[in-house]
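[1] need the 3D shape of this:
(4 chains)
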There are 2 protein chains.
Amino acid sequence: MTKTGLTVDIVLFTIRDRQMQLLLIKRLAKPFAGRYALPGGFVLAHESVDAAAARELREETGLEKVYLEQLYTFGDPRRDPRGRVVTVAYYALIAPTQMLHAGTDASEAAWFPVSGLPTLAFDHRKIVEYAHNRLRNKLGYTNVGFELLPAKFTLTALQVVHETILGETLDKRNFRRKITQTGIVKPTHEWVKTGRKPAQLYKFRDGEVGR
Amino acid sequence: MTKTGLTVDIVLFTIRDRQMQLLLIKRLAKPFAGRYALPGGFVLAHESVDAAAARELREETGLEKVYLEQLYTFGDPRRDPRGRVVTVAYYALIAPTQMLHAGTDASEAAWFPVSGLPTLAFDHRKIVEYAHNRLRNKLGYTNVGFELLPAKFTLTALQVVHETILGETLDKRNFRRKITQTGIVKPTHEWVKTGRKPAQLYKFRDGEVGR
DNA sequence: ACAAAAGTGTTCCATATACACCCATGT
DNA sequence: ACATGGGTGTATATGGAACACTTTTGT
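    Next up is the predicted model:
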């Protein structure tokens, strides 16, 4: 029974300034010391792989109870110069209003727009692309979009989320009709002064959907 | 750096007698000796996880170059009574015309309809359900259906594939129009006497798509 | 002759798309 | 007053769903 190293890596997305952004951490240790990499680390002996992903995310960002979904497992024997390390990749989504607490190890973490990433360690570039694709597809048949917004949001903010993920502009009237007619959002009757004219806040159908 | 056991398991589907069927192998060794399980085994030290899946499938069935896609990684620490073993699950599709060669280890292999499986070893029941769902979904936006047919097939045979995967009957005229109008199949002008009236054989768009 | 599977069109409905103006407020 | 983002309706095109009969052959 051969044994292998097993890690998890997390692509943590948010939307800021109408751009998809993701969190990278500057590596302190070899290999790839000084390079940016995805948050992640080794799976411990007695935890599930899913739990390892949640733990690493918590340790490196302070985030709990975020949307976290397994992506794909990358198992090329040469993906890690230390030797055989298989990684199970996840992606996570948070609202830009959620703040991060610095990790216990004071490594340097920073947000980067997906369209302007530095050179990444390991095969993390490939993982990011895989995650970005998954997110785009998933937007079409699920409600993942809401995970990138706070509990209450304007319809324009929701549209910006969709436009940013899809990389194309959408017609305002068609978008609003589709969203409101499916009953997926409920008006809160609260109003915010975001631009000039106040906008109504909406919330996701049944409360907060696991946030 | 903790190390864990790593296996691959393969859900090999085919369609026979208008039923989804999958291949199971009776385990000889402990744990779960005597129980049926999915074909699979340990990932070797220097092979990629994908290669391990292809190798196990070849060793246990003689099949090469079949459609093989990674599904999901199951990492509950209690899923294997021997201790920590994470498995990367795959699913594979073959035409019912493709014959299997018995594996080198003369273990007992048999086809079972998905709707009448025996009790399975490990968490393999969960893996099968995951694979079955993936296949159903994937049929809607890809051409996986063709992987369950020989290179040349009648439109009725293709419809049976779709009906069997979806578990519902489809309208013949709507189905044929959709298939032929997208140009996804080409008529071969060969005819087979399957029922009473001869039926035309079609083939998938560009040759054999990796079979 | 009859049973069995092959083959073939049209209508309707739902959903997606294209498109432009007025409104409330802050500066 | 004007600039900014919020909010609203209609017409057309497209894709999916419902629906029944004729044809060819083997028995």
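
[2] near chain B, which residues of chain A?
    A:1-6, A:42-50, A:52, A:70, A:72-77, A:84, A:86, A:88 (C-beta under 8 Å from any C-beta of the partner chain). From N, CA and C alone the C-beta is placed, and that goes for glycine too.

[3] what about these, which are in helices?
    Counted as lying in helices by DSSP state H, out of these, are A:Val49, A:Asp50, A:Ala52.

[4] would you confirm that the second one contacts A:Glu69?
    Translated: A:Asp50. No - with contact defined as C-beta atoms under 8 Å, A:Asp50 does not reach A:Glu69; the gap is 9.5 Å.

[5] higher neighbour count, those two?
    A:Asp50 (19 against 16; other C-beta atoms under 10 Å in any protein chain shown).

[6] can you name the residues that contact that one?
    Neighbouring residues of A:Asp50 by C-beta atoms under 8 Å, 6 or more residues apart in numbering or on different chains: A:Leu68, A:Gln70, B:Gly75.

[7] ditto for A:Val8
    A:Val8 neighbours (C-beta under 8 Å, 6+ apart): A:Gly40, A:Gly41, A:Val43, A:Val49, A:Ala52, A:Ala53, A:Glu56, A:Thr87, A:Val88, A:Ala89, A:Tyr90.

[8] which non-adjacent residue is nearest it?
    Closest residue to A:Val8 apart from its sequence neighbours, by C-beta to C-beta, 6 or more residues apart in numbering or on different chains: A:Ala53 at 4.3 Å.

[9] related to what we said a few turns ago, for DNA strand D, tell me which of the contacts of A:Asp50 show up nearby.
    Among the contacts of A:Asp50, not one lies near DNA strand D by C-beta under 7 Å from any atom of the strand.

[10] in strands, which of the residues you listed appear?
    A:Leu68, A:Gln70 (DSSP state E).

[11] most neighbours of all the contacts of A:Asp50, which one?
    B:Gly75 leads the contacts of A:Asp50 on contacts (other C-beta under 10 Å) with 26 neighbours.

[12] hang on, the earlier thing: among the residues of chain A next to chain B, name the buried ones.
    Among the residues of chain A next to chain B, the ones that count as buried by 16 or more other C-beta atoms under 10 Å in any protein chain shown are A:3-6, A:42-43, A:47-50, A:52, A:70, A:72-77, A:84, A:86, A:88.

[13] top strand in chain A by residue count?
    Under DSSP E, chain A gives strand A:3-16 as its longest strand.

[14] the inter-axis angle of that one versus strand B:3-16?
    Interaxial angle, strand A:3-16 versus strand B:3-16 (axes from the mean of the first three to the mean of the last three C-alpha atoms, to 10 degrees): 80 degrees.

[15] B:Lys203: which of the ones in helices among the residues of chain A next to chain B is nearest?
    B:Lys203 has its nearest neighbour among these in A:Val49, at 41.5 Å by C-beta to C-beta.

[16] what helix or strand is A:Phe32 located in?
    According to DSSP states H and E, A:Phe32 maps onto no helix or strand at all.
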